[in-house]
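Engineer: From the sequence below, what's the structure:
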Amino acid sequence: MGLKRPANHVEEIHDDSQQAAKVAAAPPAAAPPRRPPRLAAAESLWRRFSPAEEAVDHTCCLARVSLGGLGGQCRNKKAQDSLCAAHAEGKRWRVLGRVDGPIPEGAMAQLVAKAAAAEGAQASSKRMLLSSSSLEALETKDLSRFIREQGYAEPRWDQAREKLLNGNIAKEQVIALIQRQQEDDLWQAVTKVHQAEQ
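Structural biologist: Reported below is the predicted structural model:
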């Protein structure tokens with residue numbers, strides 16, 4: 001069985017009569033499955049550094065810990081309220097927030113940078129995949145840093161970063177470029193796995 005990459009675009013039909021005939025001849029489409037409501041961009045980003053709601057251990061401290069940029073829950077047992085003694089002391093939990101709430105702005109940039117560095121250290125060919133909402137939640141400087149730290153090193157990426165920082169290109173355009181590159185990276189990984197299985 002051969003492996004084919006899906007087409008990047010669909011040919012447009014400019015003749016309205018041909019289009020109407022195609023639509024009339026097409027079988028009725030099944031209703032698409034309902035998607036869960038989208039999270040706000042900021043919430044989507046902080047949830048990336050938190051365990052899934054069903055995975056939160058309510059017998060343990062609810063403070064978020066870095067875990068090398070992956071984010072996670074403190075494993076210490078609760079001492080008071082919902083925190084361990086270490087995180088309750090001096091309100092240390094406020095550094096990264098709680099696993100069930102947002103991350104302070106400065107800490108978010110550090111977590112994203114740590115996550116990017118951790119990914120880059122594992123293998124230069126592996127890049128962190130972020131959803132469009134996660135990318136949109138990044139400030140311009142953090143998006144530029146993400147591009148650099150994820151190994152987008154070709155001259156076109158340097159130009160895109162420079163234009164982004166100077167305001168000469170829309171953030172949405174850069175996000176679209178990143179998503180296209182992520183798609184290409186994923187396709188290359190799928191192709192490698194397919195070739196290894198043969």
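Engineer: lowest average confidence, helix or strand, in this structure?
Structural biologist: helix 16-25 (a mean of 51; mean pLDDT, DSSP states H and E).
Engineer: what does the helix or strand just after it rub up against?
Structural biologist: Where DSSP states H and E defines the elements, the next helix or strand beyond helix 16-25 is helix 41-48. Under the criterion CB atoms under 8 Å, 6 or more residues apart in numbering, residues 38-39, 71, 97, 101-103, 108, 130-131, 133-134, 136-138 lie in contact with helix 41-48. Any C-beta I mention is one placed from the backbone N, CA and C, and that applies to glycine too.
Engineer: swap the cut-off to 7 Å and go again
Structural biologist: The contact list for helix 41-48 (CB atoms under 7 Å, 6 or more residues apart in numbering) reads Leu39, Pro102, Ile103, Met108, Ser131, Ser133, Ser134, Glu136, Ala137.
Engineer: In a markdown table: those, plus neighbour count, pLDDT and distance to Lys77.
Structural biologist: Below are those laid out as a markdown table (neighbours: other CB atoms under 10 Å; pLDDT from 0 to 100; distance: CB to CB, whole Å):
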| residue | neighbour count | pLDDT | distance to Lys77 |
| --- | --- | --- | --- |
| Leu39 | 14 | 54 | 30 |
| Pro102 | 16 | 90 | 24 |
| Ile103 | 25 | 88 | 23 |
| Met108 | 22 | 84 | 27 |
| Ser131 | 16 | 85 | 34 |
| Ser133 | 17 | 87 | 34 |
| Ser134 | 21 | 87 | 32 |
| Glu136 | 16 | 90 | 38 |
| Ala137 | 21 | 89 | 33 |
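Engineer: and the longest helix for this protein?
Structural biologist: helix 171-197 (DSSP state H).
Engineer: Could I get the buried residue list for that helix?
Structural biologist: Val174, Ile175, Leu177, Ile178, Gln181, Gln182 (16 or more other CB atoms under 10 Å).
Engineer: didn't the second one look like it was pressed against Leu130?
Structural biologist: No - under the criterion of CB atoms under 7 Å, Ile175 lies out of contact with Leu130, with a separation of 9.2 Å.
Engineer: Leaving out chain neighbours, which residue sits closest to Gln80?
Structural biologist: Nearest residue to Gln80, sequence neighbours excluded (CB to CB, 6 or more residues apart in numbering): Ala88, at 5.3 Å.
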